[in-house]
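Visitor: Everything below, folded, please.
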Amino acid sequence: MSGLNLPLDLEPPADMPPLAGAGGPAGGVAGAAAKPKEERIREPRRAAKKRNREQDRWMQLADECSAALAFIEGADRARLGITSCLRGEGRTTVAAATALAQCLDFGLETILVELDLENPSLAGLLGLEPRPGVAEVLRGEAHLDACIQWTRSDLGVLVAGAVRSNPSKLVSALMTSSLIDDAQQRCQVMVADLPPFSGPGARVAGLCSSVLLVVRAGATSLDHVRRAAAELDHPPVMLNRVTSSLPRWMNGMFGSTR
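Guide: The predicted structure follows:
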């Protein structure tokens, strides 16, 4: 689920790439052999098809996240955290798709906040500027409004920023700061990409009104899931990379989530 380009604008490119670049008599780089006309035509078409495939995958993810949101009370969705038991379970991708779902399916102005300060990856995933972000706000180096990247008129992203060498110190500063309250005042709903439960996830999750637990099917042990669910007061669970129905043991632990 990683490595996609989120269709933040959901619109086709303003202009297609030229059939050939400027510079030489055939539109290519001077001194270089011009590509055959058929190949020049295929290149922008391939790029457009790839973009459309990636958008379709993100839209499918957003639909799945929208279905999961139906099991969370409307008021609790106003400050929703996305966490996982371990790293590598698709938590950040689900957080991004959930933020997109809040905009598209519920018509809510949304800010996606990256709170995994130990291993930030949101900027790379979405193709955004890696700084400034949460770290700069917490250190007093930048104002919050200057750090939110509005990728759509109704979707802003606050990345982790330049964490440097001491993320635990920043986490402590986050817990006593007004950053989350301030961010929520600038939108209707906030989605937080939390650290995994194996790190400071349970602690940071306390900043959210509700939490969605992402579990990678076939990779996360039952013991890890039970401990995380108990610590997080039995949150709704999203099974990642699975098409079968919810396992019986999860139905017993969390109640019906489908």
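Visitor: Which parts of the stretch 51-200 of the chain are helices?
Guide: 91-104, 122-126, 134-138, 144-147, 167-176, 179-184 (DSSP state H, counting those that start in this stretch).
Visitor: now for the second one, which elements pack on it?
Guide: Contact analysis of helix 122-126 by 3 or more Cβ pairs under 8 Å, 6 or more residues apart in numbering; DSSP states H and E lists helix 91-104, strand 110-114 as its packing neighbours. From N, CA and C alone the C-beta is placed, and that goes for glycine too.
Visitor: in that helix, what counts as buried?
Guide: By neighbour count on 16 or more other Cβ atoms under 10 Å, the buried set for helix 122-126 is Leu122, Ala123, Leu125, Leu126.
Visitor: low pLDDT regions in the stretch 101-250 of the chain?
Guide: For the stretch 101-250 of the chain, the stretches flagged by pLDDT under 70 are 198-199, 201, 218-221, 228-230, 232-236, 240-250.
Visitor: Not counting residues beside it along the chain, what's closest to Leu179?
Guide: Val137 (5.8 Å; Cβ to Cβ, 6 or more residues apart in numbering).
Visitor: Thought Cys147 was touching that neighbour, still the case?
Guide: Yes - contact criterion Cβ atoms under 8 Å: Val137 and Cys147 qualify, at 5.8 Å.
Visitor: what do those two both touch?
Guide: The contact sets of Val137 and Cys147 overlap at Gly161 (Cβ atoms under 8 Å, 6 or more residues apart in numbering).
Visitor: Figure out the length between the terminal residues of stretch 214-225.
Guide: Start and end residues of stretch 214-225 are separated by 10 Å (Cα to Cα, to the nearest Å).
Visitor: What's the local residue count around Ile72?
Guide: By the criterion of other Cβ atoms under 10 Å, Ile72 has 16 neighbours.
Visitor: residue contacts, Ala135?
Guide: Contacts of Ala135 by Cβ under 8 Å, 6+ apart are Leu117, Ala160, Gly161, Ala162, Val163, Arg164, Leu170.
Visitor: out of the residues you listed, which are buried?
Guide: Counted by 16+ other Cβ under 10 Å, the contacts of Ala135 give Leu117, Ala160, Gly161, Val163, Leu170 as buried.
Visitor: These in strands, which ones?
Guide: Counting by DSSP state E, no part of the buried ones among the contacts of Ala135 is found in strands.
Visitor: Out of the residues you listed, flag the one nearest to Ala62.
Guide: Nearest to Ala62 among the buried ones among the contacts of Ala135 is Ala160, at 22.4 Å by Cβ to Cβ.
Visitor: which residues does the residue nearest to that closest one when sequence neighbours are not counted contact?
Guide: In space, and not counting its chain neighbours, Ala160 is closest to Pro120: 3.4 Å by Cβ to Cβ, 6+ apart. Neighbouring residues of Pro120 by Cβ under 8 Å, 6+ apart: Glu114, Pro130, Gly133, Val159, Ala160, Gly161, Val163.
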